[in-house]
Structure formats: structure tokens, C-alpha cells
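*Asks:* take this sequence and fold it.
(one chain, ligands or ions: 2)
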Amino acid sequence: GTGKLTAIRNVGDKAGESVTIGCWLQGKRSSGKIQFLKLRDGSGFIQGVLAKSEASEQAWEAAQKLTQESSLYVTGIVREEPRSPSGYELSVTGIEVIQYTEDYPITPKEHGVDFLMDRRHLWLRSPKQRAILVIRAQIIRAVQQFFDESGFTLVDPPILTPSSCEGTTNLFHTKYFDEDAYLTQSGQLYMEAAAMALGKVYSFGPTFRAEKSKTRRHLIEFWMIEPEMAFVDHEQNLEVQEQFISFVVQSVLTNCKAELETIGRDISKLENVQVPFPRITYDEAIELLHKEGFDLPWGEDFGAPHETAIAEKFDRPVFITHYPASFKAFYMKPDPNRPEVVLCADMIAPEGYGEIIGGSQRIDDPALMAERFQEHELSEEAYAWYLDLRRYGTVPHSGFGLGLERTVAWICGLEHVRETIAFPRTLYRLYP
Ligand code: 4AD
Ligand code: MG
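*Replies:* Ligands and ions are numbered 1, 2, ... in the order given. Got it, this is the predicted structure:
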């Protein structure tokens, strides 16, 4: 029964003792006289060994009938086993089957992505998917540790909002009783208000964008970490970002060795992720792209192939700074020496993972802010509160947003962001 179970991850504390684990059968093989059971309980994996000469008849027969994903309690003696990845195995003395599973759809053979996505609720049980979710949780833990230990206060911005932050093209519309409302694209505007109250703040929450493009970098629902800092300028903003990202990557390397191995990540690439990160301006990036044979005119935004070509020149994330104001967000502060570009930066991850951070110094002048509302056709009424932040004790301030799923994809070396979250919301897919 469920009493007094030992988690597989803790069996090392009980070497030589008898333990009971609650688990699922991942697979098995038999040599006729010995059966090897691959067991998993979510916390880890262990091999159970039954010798016909030693096991009870009941246990031997129960093991023979076990099918993939059958659920069971297994009792056995913990033995040190240097050849096993965990260092231990279980000499099985008893088996209590909860359910013999029939026709589990995900077999060890290769399946197509659509087949697996339709069965995402079961696919999560595979060792690789489990490892990704463990690493994601470690990234979140490291994010919170970094900001909590650097004097930031966690603030939660709203999810239902009356107006947009990142342009109106991909807003997710809903009703708020009789009013129109949108699911948040970014908590930034609210975090600016929070920074004026608490100094240094960060948020961690879901954000939504009705992206009509089907790429390996876009989700409809994704999670963002958004720090915002009063009395911090563009340069200082970049310093926080590079410290932050190198801390998170090193924390995963330290704490998730087994999981990185399970997914086959080349960790030498991650070990490079140390401060300082290179910085190039948009102008320099355009020049670099021209040398690489792209003919992108000045004033146009980069697409995935451009970002990848730029990233290939560096062995760690790179900042691209000072983009043209024309295609960047309304709130970004113009460079005082060159107002056609803004004090912003995108952090581009190595190995083709694209932009993981977007950030900027914010406009702090109320007159310029009001001008921007006009240019971007944003209603002064809807943004009156945001203008207040510039009217009552305005200060230089900066912040950024890290996309969690793209960060997980990069750190895990995954082909597509859909595997970075338990139940991804992608274009046209809402099930399961
Ligand atoms: O560059 P973005 O649009 O910046 C903002 O939203 C700012 N308001 C953030 C801030 O300054 N507080 O988005 C930030 C990051 C991107 O760099 C990317 O990593 C991620 O969010 N992102 C997405 N991730 C997955 N799917 C999508 N559709 C994404 N859109 C943005
Ligand atoms: Mg961006």
C-alpha cells in the first residue's frame, strides 16, 4: 500500500535495507532465470532485479505479466551497483500490482511529433521529457534566487488588461463583462509602476500572444520574467542581464548534471556562458550581415536567419543594441545623441536559439511620452496612469523580459519550444 514509501532518488540513504517504492514499469528484459525491471517513480529511475531461485513464486509471476506503464509497489533490498547510472539497484522481494496496463500507446519505437503531441499527457512520462521539466524547474529556482538575493521584490502584474504593451497585432481578445479586454502580452507597464514604488522589482508569469506564425520559437502562451529597475540606465541594464543569464546557466550545470546527460546536451557550449557578453550595435549587425551575403536594408528588423548568422560569430549570448526606433516599442528611450535609434538591446542566444531577452531604458520625459502615444495611436485615456509615472517624480529606469521557454530550449539544446513546457499552446493546438 501507500504507507512508508521511499522515493527512488533517496534509495542511496538506505543501502542494504529493505524499501518499498510506488512506481511504473518503464520496460523490462529477462534472461530466463533473471528478470530486470526498469522502474520509475517520477523522482528517478532504478533497476529491479528478480532471480527465479530467490524470488517468491507470486512475485516472479507478477513480474512476468508486467506490461509497459503498469503501476505497482515493489519491495526489495537496496544494493550498491557501480554499473548503474544511479549507483544502486533493487533486489526485488515482493511485488504488489496496482494495475496491469494494456496497449500503452507510446512504445520505445520512434513516433511522429503530431502523434506525441496528441498524447502529451502520456509523453511527459518519457525520461527526456521528464528531464526537460526538471531543468525548467531549476531555471525558475535560479531566476528567483538571483533576483531575491539581489534586492528585487517579486510583484505580480495583472493577466487581464485593458490595453496593449507590445503592439496590437497579436493581442488575445476577450470580454471583461461588457468591456473589451486582452490577455497580457507583457507585465512591463505595470512593473514600471511597481518599480516607482519598490525600486527593483521582477515578475514571473504567463503572457499571451496570438502569433499567427508557426515557428520553432513561438508559443501562444509563454512565461516571462520581467525585472524593472528605477535609477538604472541602458548600460547598467545590460550588466544585470549578463550577470543574471550566466548565473542561471551555471546553476543548471551544477544542479542538473544527470538531466543534461539524459537529453544528451553538449555542456561545453554552456560552460562558456560567463560574463562579459559581447555587445554590438544594430548598425554593426547590419554590416556583419552584409558581409555574410544578406541584403537587409538599414531600418528593417531581423528575422530568425539573421539572428542565427549573428549568433554564430560568438561563443556566448550577444547583445544587439541601439535598434531603429521605427520598429521598436513606443516606450523605448531614444539615444540622446542619435534619436533615430533607441537605448535598447535584444540578447541573442548562441546556437540559433534566437532572441531570449528584449529590454530597454524607458522614456522618462512626460512630453515625449505623450508624443509617442499620438504617433502610435494609443488612447491617452487608456494610458493616463502610465503617463502619471512620468508626471509624479519621474526617474531614469530600465528593464527587460526573458522568455522562459526559449531559455529552456537553448539550455536543453531542443529543436522546438513545444517541448519546454508541460502543455504547450501552439498555433491551432489546444488539446490536451
Ligand atoms: O521582446 P519582447 O516582446 O519584450 C517585451 O515584451 C518587453 N515588454 C519586455 C520587458 O522589457 N519587460 O518579449 C520578451 C521575450 C523575448 O525576447 C522572447 O524570449 C519571449 O519574450 N517571447 C516569446 N517566447 C515564446 N513565444 C512567443 N510568442 C514569444 N514572444 C516573445
Ligand atoms: Mg523582442
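*Asks:* how about the closest residue to G264 other than its chain neighbours, what does it touch?
*Replies:* Residue nearest to G264 in three dimensions, not counting chain neighbours: G413, with 7.6 Å by Cβ to Cβ, 6 or more residues apart in numbering. C-beta coordinates here come from the backbone N, C-alpha and C atoms, glycine included. Listed by Cβ atoms under 8 Å, 6 or more residues apart in numbering, the contact partners of G413 are 263-266, 269, 351.
*Asks:* one more: A193?
*Replies:* 385-386, 389.
*Asks:* what distance do you get for it to W385?
*Replies:* Noted for A193: a distance of 7 Å to W385, by Cβ to Cβ, to the nearest Å.
*Asks:* then G42?
*Replies:* Separation of G42 from W385 (Cβ to Cβ): 45 Å.
*Asks:* same question for S251.
*Replies:* 37 Å.
*Asks:* same drill for these two, tell me which one is more crowded.
*Replies:* Neighbours per residue, other Cβ atoms under 10 Å: of S251 and W385, the larger number sits with S251, 17 against 12.
*Asks:* R362 is in contact with Y331, isn't it?
*Replies:* Yes. Using Cβ atoms under 8 Å, R362 makes contact with Y331 at a distance of 5.3 Å.
*Asks:* the more surrounded of the two?
*Replies:* Ranked by neighbour count (other Cβ under 10 Å), R362 and Y331 place R362 first, with 26 against 22.
*Asks:* what score does that one have for pLDDT?
*Replies:* In this model, R362 is scored at 99, pLDDT.
*Asks:* what does S268 give?
*Replies:* What the model reports as pLDDT for S268 is 97.
*Asks:* and for Y176?
*Replies:* The model's pLDDT for Y176 equals 98.
*Asks:* list the buried residues in stretch 198-218.
*Replies:* If you call a residue buried by 16 or more other Cβ atoms under 10 Å, then stretch 198-218 has these buried ones: 198-205, 207-209, 211, 217-218.
*Asks:* least confident of those?
*Replies:* E211 (90).
*Asks:* ok, now how distant is the closest residue to that residue other than its chain neighbours from A210?
*Replies:* Leaving aside its sequence neighbours, E211 sits nearest to H218 (Cβ to Cβ, 6+ apart; 4.6 Å). H218 sits 11 Å away from A210, going by Cβ to Cβ.
*Asks:* same question, E89
*Replies:* Separation of E89 from A210 (Cβ to Cβ) stands at 50 Å.
*Asks:* with E259 instead?
*Replies:* 33 Å.
*Asks:* likewise E226?
*Replies:* From E226 to A210 the distance is 20 Å (Cβ to Cβ).
*Asks:* equivalent analysis for M191, please.
*Replies:* From M191 to A210 the distance is 22 Å (Cβ to Cβ).
*Asks:* OK, contacts around the residue of the chain positioned farthest from its centre?
*Replies:* Taking Cα atoms, centre = their mean, the residue of the chain most remote from its mean C-alpha position is S53, at 48.8 Å. Residues in contact with S53 (Cβ under 8 Å, 6+ apart) are K33.
*Asks:* 10 Å - rerun?
*Replies:* With contact set as Cβ atoms under 10 Å, 6 or more residues apart in numbering, S53 has these partners: 33-34, 60.
*Asks:* got the buried residues for stretch 1-11?
*Replies:* Burial within stretch 1-11, assessed by neighbour count using 16+ other Cβ under 10 Å, is assigned to 6, 8, 11.
*Asks:* need these in TSV (columns: distance to ligand 1).
*Replies:* Output for the buried residues of stretch 1-11, formatted as TSV (distance: Cβ to the nearest ligand atom, whole Å):
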residue	distance to ligand 1
T6	39
I8	33
V11	38
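*Asks:* can you list those in a markdown table and add secondary structure and pLDDT?
*Replies:* As requested, the buried residues of stretch 1-11 are exported to a markdown table (DSSP: H, G, I helix; E, B strand; the rest coil; pLDDT from 0 to 100):
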| residue | secondary structure | pLDDT |
| --- | --- | --- |
| T6 | coil | 98 |
| I8 | helix | 97 |
| V11 | helix | 97 |
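*Asks:* which one of those residues is nearest A142?
*Replies:* I8 (24.3 Å; Cβ to Cβ).
*Asks:* from ligand 1, how far off is the residue lying closest to the closest one once chain neighbours are set aside?
*Replies:* Distance criterion Cβ to Cβ, 6+ apart; nearest residue to I8, sequence neighbours excluded, is G44 at 3.8 Å. G44 sits 30 Å away from ligand 1, going by Cβ to the nearest ligand atom, to the nearest Å.
*Asks:* quick check: G44 touching K38?
*Replies:* No. Contact criterion Cβ atoms under 10 Å: G44 and K38 do not qualify, at 11.7 Å.
*Asks:* overlap in contacts of those two?
*Replies:* Common neighbours of G44 and K38 (Cβ under 10 Å, 6+ apart) are C23.
*Asks:* between the two, which one's more packed in?
*Replies:* Relative neighbour count places G44 above the other of G44 and K38, with 20 against 17, counting by other Cβ under 10 Å.
*Asks:* quick one: contacts for the more buried one?
*Replies:* By Cβ under 10 Å, 6+ apart, the neighbours of G44 are 7-12, 21, 23, 85-86, 88, 130, 258.
*Asks:* what does the stretch 101-250 of the chain put close to ligand 1?
*Replies:* 165-166, 186, 188, 209, 211, 218-219, 222, 224, 226 (Cβ under 6 Å from any ligand atom).
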